[in-house]
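# the following comprises the amino acid sequence and a computationally predicted model.
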Amino acid sequence: MRCALIGNPSVGKSLIFNQLTGLGVEVSNYPGTTVELMSGTLCFERTALSIVDLPGIYSIDGGSAEEELVRTHLLTDPPDMLVVVLDATRMERNLYLLLQVIEYAIPTLVVLNMIDEAAAQGIVIDRQRLSSLLGLPVIETAASLGKNIGEIIPTLLSEGRTTTFSVPYAPQIQAAVRSLERFYGAERLPALQALQGIGASAELIEGARTIAAEIEARDHITPQQIIAANRHLAARQIAGEVVGSQEPDRRFSADRLLTRLMPGIPILLAVLLSMLFIVFTLGSFLEEAIVETFTLYVIDPFMALGLPPLAESLGQAALLAIVAGLGIAFPFVLIFYILLSIVEDTGYLTRAAFLADRAMHGLGLHGGAIIPMVMAFGCNVPAVMAASQMRTGRERTIAAFLITMVPCSARTVIITGIVAAFVGIWAALSIYAIVLVLILITGLLLARHIPGGQYGMILEMAPLRRPDPVLVLKKSWTRIGEFLFIAMPLLLVGSVILGALDYYGVTDAFAAMVAPISEGVLGLPSYAATALLFGILRKEMAFETLAVLAGTADLGAVMTGIQLYTFAVISVLFVPCISTIAVLWRQMGARVTIAVSAYTIMLGFLIGALIHLIAG
Ligand SMILES: Nc1nc2c(ncn2[C@@H]2O[C@H](COP(=O)(O)OP(=O)(O)OP(=O)(O)O)[C@@H](O)[C@H]2O)c(=O)[nH]1
Ligand SMILES: [Mg+2]
């Protein structure tokens, strides 16, 4: 099934197209932005629908490049259905085009866009009346607010039809059309076009020219001018019947503030930053409290039991997993989910997604991914869980890769504890820059190479409202349950396995085995490899283990700045921590988890080796 968007310049076609298909077409407040055919696909109730964004035109019978393009498209390769987009603030001019388009007899839906702008200007349109005059379905939208965009495709498919209206042309035009039909066996539309000097059949045009010359000689006006005048009159009459006025809508509309680039983007940034700040500070506070209490009352007493070494090792690994899960991931998960439920229930999430949509498309994601992506700076675990709600496997995979690369708070501990403390603040910031660039590159590459279409996101803009605290807590709790009861057991198992490997000396053997790499290729002391391995358990354990193995907390005394920098970059990049791996496995499956782990290991070592090569 193929459909096309058609309308005057700057009525919002491309904006609608973007929202329907998820493709980035130039949207600008400048007429004539779209000068070629853009097509995209949309999946609606299991049928694929291709949509073409036609360039904006004022008339379909003129000679400009765009007009010819649109006309040829409709004649030679007609879409199955048409969406005619009208600017509700300029009905007469827009109806003029509509009246021409309906002569092509393609099933049509009329979209009255910019309905928000019309309301602001005090213009009201009698939608029902318009619909019955034209014999076509009509819906009202505000593309810039995402309003009713979700109605377009369902209405088009269920109600799109050809019109019952025809422009009352002057008698001499009707007579001319009839004789062209009779003598040349032409259809009505080609006959009308031939009278205006356009069309594919030279014979028909020749015949029409003779008739046109007669009309002009008699009436001192060309058929082309008569046809245009008749259409203008019809457009004016319809507009006169359906357009009314009311008090301009001067109500304060929060939506207008939130969904425009200005001040929408600054507001979005402020919201994201404050969410991040809350997740960070409250999360770290809870984390510290939980970890300290747990160490004091559980781990220390356990170690004091003096169990046999194997039991002690495995027990310790299990306890470490509980600390990692409950003490570190849990506080972030909890706070993130409460905040997420709040932005969702207020309705702000859809506005944020709407604003971020275009930027995220470049990375193969949708606007909705903005919140998980940003919150991953707090902790990757809830971000991965949030991303597993995405609709297509392609998006979930891309999101899994990108989210697990985002430097979470534990990785920030490494960056600040190792690099900012011993190398310098600019060096620390440069690690963030490296990681962000890698995330961008990864996103761009994945978006190009992961198969599967990019589908549009249809956002239903629920009204803004105050969230209900009870509902927010309930929702957060259900989501947290997933983490506690599904990811935690996996985390425990993984950790115990790592503990056993350590007990049987596998980790030391590993360090010895990779010594040529860690020393030769990365320029790191051999114990650094063991520290990196422990970083899998809890990211910042890479830092703590390194200090233990180096025998001092003053890392600057035992390793060079470059070594510390390399170590930090690798531990930030390579393999997400075991909690993240556990949720990845649970939510996205083994393949994605293995792919993400392999990719990040490779990336970490590659960048580490590069740094050593350049600076070491
Ligand atoms: N207020 C308001 N502005 C809108 C609406 N829809 C689109 N716009 C704005 O109108 C401008 C034109 O939108 P486009 O989507 O580029 O229009 P177009 O029809 O593709 O234009 P051409 O490609 O030039 O034919 C942009 O600045 C949009 O943000 C709407 O419903 N309300
Ligand atoms: Mg456009």
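Perfect, thanks for sending it. Residues are numbered from 1 along each chain as shown. Ligands and ions are numbered 1, 2, ... in the order given.

# okay, domains of the protein per the record?
Recorded structural domains for the chain (assignment: automatic domain parsing) are 2-166, 171-243, 259-615.

# mean neighbour count and mean pLDDT added to those domains, as TSV?
All C-beta spots, glycine's among them, are computed from the backbone N, C-alpha and C. Formatted as TSV, the domains of the chain follow (neighbours: other Cβ atoms under 10 Å; pLDDT from 0 to 100):
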stretch	mean neighbour count	mean pLDDT
domain 2-166	19	87
domain 171-243	17	93
domain 259-615	19	85
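
# now render the ones you listed as JSON lines, adding distance to ligand 2.
Putting the domains of the chain into JSON lines (distance: least, Cβ to the ion, whole Å) gives the following:
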{"stretch": "domain 2-166", "distance to ligand 2": "3"}
{"stretch": "domain 171-243", "distance to ligand 2": "22"}
{"stretch": "domain 259-615", "distance to ligand 2": "14"}
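
# which of those domains sits closest to S253?
domain 2-166 (7.8 Å; Cβ to Cβ).

# got the end-to-end distance for the closest one?
End-to-end distance of domain 2-166 (Cα to Cα, to the nearest Å): 25 Å.

# from the chain's centre, how far out does that domain sit?
Relative to its chain's centre, domain 2-166 lies at 23 Å (Cα atoms, centre = their mean, to the nearest Å).

# again with stretch 609-616
Counting by Cα atoms, centre = their mean, stretch 609-616 comes out at 36 Å from the chain centroid.

# do stretch 602-609 as well
Distance, centroid of stretch 602-609 to centroid of chain: 29 Å (Cα atoms, centre = their mean).

# can I have it written out in CSV, keeping just the CAs?
Extracted in CSV, the C-alpha atoms of stretch 602-609 (Å, rounded to 0.1, in the frame of the first residue of the first chain):
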residue,chain,number,x,y,z
MET,A,602,37.4,-4.9,21.7
LEU,A,603,36.7,-1.2,21.9
GLY,A,604,38.3,-0.9,25.3
PHE,A,605,41.5,-2.6,24.4
LEU,A,606,41.7,-1.0,21.0
ILE,A,607,41.4,2.5,22.5
GLY,A,608,43.8,1.5,25.3
ALA,A,609,46.3,0.2,22.8
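
# what about I123, distance to R586?
53 Å (Cβ to Cβ, to the nearest Å).

# skipping adjacent residues, who's closest to G378 in space?
Nearest non-adjacent residue to G378, counting by Cβ to Cβ, 6 or more residues apart in numbering: V279, 3.6 Å away.

# check contacts around the one you found.
Residues in contact with V279 (Cβ atoms under 8 Å, 6 or more residues apart in numbering) are 332, 335-336, 339, 375, 377-379.

# which ones among these lie within helices?
Judged by DSSP state H, those include 332, 335-336, 339, 375 as members of helices.

# can you redo the domains of the chain as JSON lines, where the extra columns are distance to ligand 1?
Output for the domains of the chain, formatted as JSON lines (distance: least, Cβ to the nearest ligand atom, whole Å):
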{"stretch": "domain 2-166", "distance to ligand 1": "2"}
{"stretch": "domain 171-243", "distance to ligand 1": "17"}
{"stretch": "domain 259-615", "distance to ligand 1": "8"}
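
# could I get these in CSV, plus columns for distance to S253?
Formatted as CSV, those follow (distance: least, Cβ to Cβ, whole Å):
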stretch, distance to S253
domain 2-166, 8
domain 171-243, 22
domain 259-615, 10
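
# about what we covered before: want to throw the contacts of V279 into a markdown table with distance to E292?
Putting those into a markdown table (distance: Cβ to Cβ, whole Å) gives the following:
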| residue | distance to E292 |
| --- | --- |
| F332 | 17 |
| I335 | 18 |
| F336 | 22 |
| L339 | 24 |
| M375 | 25 |
| F377 | 24 |
| G378 | 20 |
| C379 | 19 |
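
# list the contacts of whatever helix or strand A119 lives in.
Here A119, judged by DSSP states H and E, is contained in helix 115-120. The contact list for helix 115-120 (Cβ under 8 Å, 6+ apart) reads 88-89, 112, 124-125, 140-142, 144-145, 147, 248-250, 253, 256.

# okay, it in CSV with CA atoms only?
What follows is helix 115-120, C-alpha atoms only, in CSV (Å, rounded to 0.1, in the frame of the first residue of the first chain):
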residue,chain,number,x,y,z
ILE,A,115,-5.1,23.7,14.2
ASP,A,116,-3.3,25.1,17.2
GLU,A,117,-2.2,28.1,15.3
ALA,A,118,-5.7,28.6,13.9
ALA,A,119,-7.1,28.6,17.5
ALA,A,120,-4.5,31.1,18.6
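
# what's the following helix or strand after it?
strand 123-125.

# which helices and strands does the next helix or strand after that following strand pack with?
Sequence order places helix 127-134 as the next helix or strand after strand 123-125, per DSSP H and E. Packing partners of helix 127-134 (3 or more Cβ pairs under 8 Å, 6 or more residues apart in numbering; DSSP states H and E): strand 108-113, strand 138-140, helix 223-242.

# any chance of TSV for the ones you listed, columns distance to E45?
Putting those into TSV (distance: least, Cβ to Cβ, whole Å) gives the following:
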stretch	distance to E45
strand 108-113	17
strand 138-140	18
helix 223-242	32
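
# show me what contacts A568?
414-415, 418-419, 431.

# before we move on, back to that, distance check, the residue nearest to G378 against A359.
21 Å.

# phi and psi next, for the spatially most central residue of the chain.
For the chain, H366 is the residue whose C-alpha lies nearest the centre (Cα atoms, centre = their mean; 1.4 Å). Per-residue torsions, H366: phi -110, psi 170 (degrees, to the nearest 10).

# does T164 belong to a helix, a strand or coil?
coil (DSSP: H, G, I helix; E, B strand; the rest coil).

# from T108, how far off is it?
Distance from T164 to T108, by Cβ to Cβ: 12 Å.

# also T545?
In terms of Cβ to Cβ, T545 sits 68 Å off from T108.

# for the closest residue to A356 other than its chain neighbours, give me its contacts.
The spatially closest residue to A356, leaving aside those adjacent along the chain, is I370, at 3.8 Å (Cβ to Cβ, 6+ apart). Residues in contact with I370 (Cβ under 8 Å, 6+ apart) are 268, 272, 352-353, 356, 360.
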